[in-house]
Each structure stands twice: as structure tokens, then as C-alpha cells.
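In: Sequence and predicted model, in that order:
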Amino acid sequence: MRASWTPIIHTGEGKLTDSLVYDLARLIGSPFSYDVVGFENIQTPPPAIYIANHLGALGPIETILSVPIRFYPWIIAEMTDFKRAPQYLFDDFVHPVLHLSGQFGLLFSTLLTKISVRLLRAIGSVSIDRFGGWTTDGFRHSLRLLHEGKDLLIFPEDPLLPLDPETSMRHFMPGFATLCSLFQGEAGTLLPVYPMAVHAGCETVVIGKPEYYHPQEQHREAINAFSVQVEMRVRELYLDIKKSADELLE
């Protein structure tokens, strides 16, 4: 059964305008939302980090539309910059998904940017630029949101690595694990990390049980190991959806 739009119960003292824009975007996009499985696995109050596979533009869009949680998503900085967004949007969405190319495709991407950049800024997205030197600011912003009791949504696949043909996933970058370590060091409490998998063919978002980063003496090794652990959980969730769908067709 297709998931229907569900109002979000907002926690904390977030900006009212952020919440209204976020709810409005979800309401408008609700006819395109996916089913949500495993919502009962959310066992803790905010703050938390939610980790999902990317699937191009589908992962971020469907997670926000389908899961009734007020997320603050990490967004690659190009998508929040009017100058850089047209080319990035063309390469990531307009050409591969809409199959528009050439000058018309770039023009369409530029026009779409006028809406998308404003929307991403308006919903409180966290801008992350791995190459432009803004990552430190992004982490500071993320820590502030977590301390305010907000939930972050992160898609940590490394865009420079090849896709796994079985899951259409790339290996995860460990930035979210570093963020866990930083938050836990400041707050003195463990931060739940919820793995999620988005499956376009089954039109489903599945939420797994929380994972927790446990500090160890070998700090860098522990962070990398936790990143791999969460990546494997997302992969397992994705394959479980696919297996269940295949069994129904038999």
C-alpha cells in the first residue's frame, strides 16, 4: 500500500519557516512517496543520524517525501550554490534521469536550479563541500543541530567510486562516523545511527534498528570500521527488500 502524507510532529525549537516549507514540500510531493517499512525500529527520541543509499536523486527525494520525520539533510554544496548548481544538476539528474541533453538540457537545469537551490536552503539543508573548504562549517552546523535535538539525514556514498551492480550503491565515506565521535565526545552520550534503504523498483523505504559508534583507542580505525558496519546494514536492508519482492513474484 502506497504511503500517504503524514504530518510531522516537530521537536525542539527549529525555525517555524523551515518547518512550514519542509511540510509543504512533503505535501506537494506526497503522490510520489514510497511505502515505509520498519518505522517501529525507531526506538529513540531525537537527535539521531539517518543514513541511506543515494540512488541518484531518488534516495534523498523519496526519503524526505516518505518518512514522517523532520530531517535536516546533508546536501553537496554545489546544489545550494546558484553558480555551481546548474551543471551539477544537469550531470546528476537532468541528463541521466530526464534524458535531456545539449543546450536545452542545460537551460532546463538552470531554470530548475532557480527553484531547487531556494528550496534546499529553505528547508534547512546542511551544505557539505568536500573540495571547497566548507566541510568544517558543515560539521559545526551539524553538531549544533544535533545538540538542539534535530535529526540529520546523510547519504555518504563516495561519488568518485564505482557502483556495486547488485545494489547500485557506492562505498560510504566515514564523515558521519566522525560526526558521531565528535557529538558523543561533547554530549557524553551515544548517538543512534539508523540505517535506511531506498528501493526504487519496490517503491519502498525500509528503516533498520539503530547502530552505535563505540569509541576505541584506535580512533581512525574505529571510525572506518563503523562506517563499513553501517554500509553493510544498508546493503542488507536493500537486498532484503529485493528478496521479499522476488519471493512475492514466484
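Out: Structure received. In this text, all values refer to a predicted model and were calculated from it rather than measured experimentally.

In: right, and the helix or strand after the helix or strand containing Leu143?
Out: Leu143 is part of helix 135-147, with elements assigned from DSSP states H and E. Where DSSP H and E defines the elements, the next helix or strand beyond helix 135-147 is strand 151-154.

In: Packing partners of that following strand?
Out: If contacts are counted by 3 or more Cβ pairs under 8 Å, 6 or more residues apart in numbering; DSSP states H and E, strand 151-154 sits against strand 48-52, helix 58-66, strand 71-76, helix 135-147, helix 175-187. No exception for glycine: its C-beta is placed from N, CA and C like everyone else's.

In: run the last query once more with 6 Å
Out: For strand 151-154, the packing partners by 3 or more Cβ pairs under 6 Å, 6 or more residues apart in numbering; DSSP states H and E come out as strand 48-52, strand 71-76.

In: who does that strand pair up with?
Out: The pairing partners recorded for strand 151-154 under DSSP bridges are strand 48-52 (parallel), strand 71-76 (parallel).

In: Output that strand as PDB, restricted to C-alpha atoms.
Out: Only the C-alpha atoms of strand 151-154 are listed here, as PDB (Å, rounded to 0.1, in the frame of the first residue of the first chain):
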ATOM      1  CA  ASP A 151      17.700  14.600  13.100                       C
ATOM      2  CA  LEU A 152      20.300  14.600  10.300                       C
ATOM      3  CA  LEU A 153      19.800  12.700   7.000                       C
ATOM      4  CA  ILE A 154      23.100  11.700   5.300                       C
END
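
In: mind giving me JSON lines with the strands paired with strand 151-154 and columns for distance to Leu20?
Out: Converted to JSON lines, the strands paired with strand 151-154 look like this (distance: least, Cβ to Cβ, whole Å):
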{"stretch": "strand 48-52", "distance to Leu20": "22"}
{"stretch": "strand 71-76", "distance to Leu20": "15"}
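
In: any chance of those in TSV, plus mean pLDDT?
Out: Listed next are the strands paired with strand 151-154 as TSV, based on pLDDT from 0 to 100:
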stretch	mean pLDDT
strand 48-52	98
strand 71-76	94
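
In: now those as a markdown table including distance to Pro165 and mean neighbour count?
Out: Converted to a markdown table, those look like this (distance: least, Cβ to Cβ, whole Å; neighbours: other Cβ atoms under 10 Å):
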| stretch | distance to Pro165 | mean neighbour count |
| --- | --- | --- |
| strand 48-52 | 19 | 25 |
| strand 71-76 | 24 | 22 |
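
In: how about the ones you listed, which one is nearest Ser19?
Out: Of all these, strand 71-76 sits nearest to Ser19, with 11.0 Å by Cβ to Cβ.

In: Give me the mean pLDDT for the following helix or strand past the closest one.
Out: Once the chain leaves strand 71-76, the next helix or strand it forms, by DSSP H and E, is helix 85-89. Summarised as a single mean, pLDDT over helix 85-89 is 89.

In: Name the residues that touch helix 85-89?
Out: Contact with helix 85-89 is made by 78-79, 109-110, 113, 117, as judged by Cβ atoms under 6 Å, 6 or more residues apart in numbering.

In: just checking, Val198 touches Ile64?
Out: No. At 10.7 Å, Val198 does not count as touching Ile64 under the criterion of Cβ atoms under 6 Å.

In: Just want to know which of the two has more residues nearby.
Out: Val198 (28 against 19; other Cβ atoms under 10 Å).

In: In terms of secondary structure, what does the helix holding Leu143 contact?
Out: strand 126-128, helix 175-187.

In: Looking at these, which is nearest to Phe139?
Out: That would be helix 175-187 among those, by Cβ to Cβ, at 6.3 Å.

In: If you count neighbours, what's buried in that closest one?
Out: For helix 175-187, the neighbour count (16 or more other Cβ atoms under 10 Å) marks 175-184 as buried.

In: same check, this time on stretch 34-47
Out: 34, 36-38, 42, 46-47.
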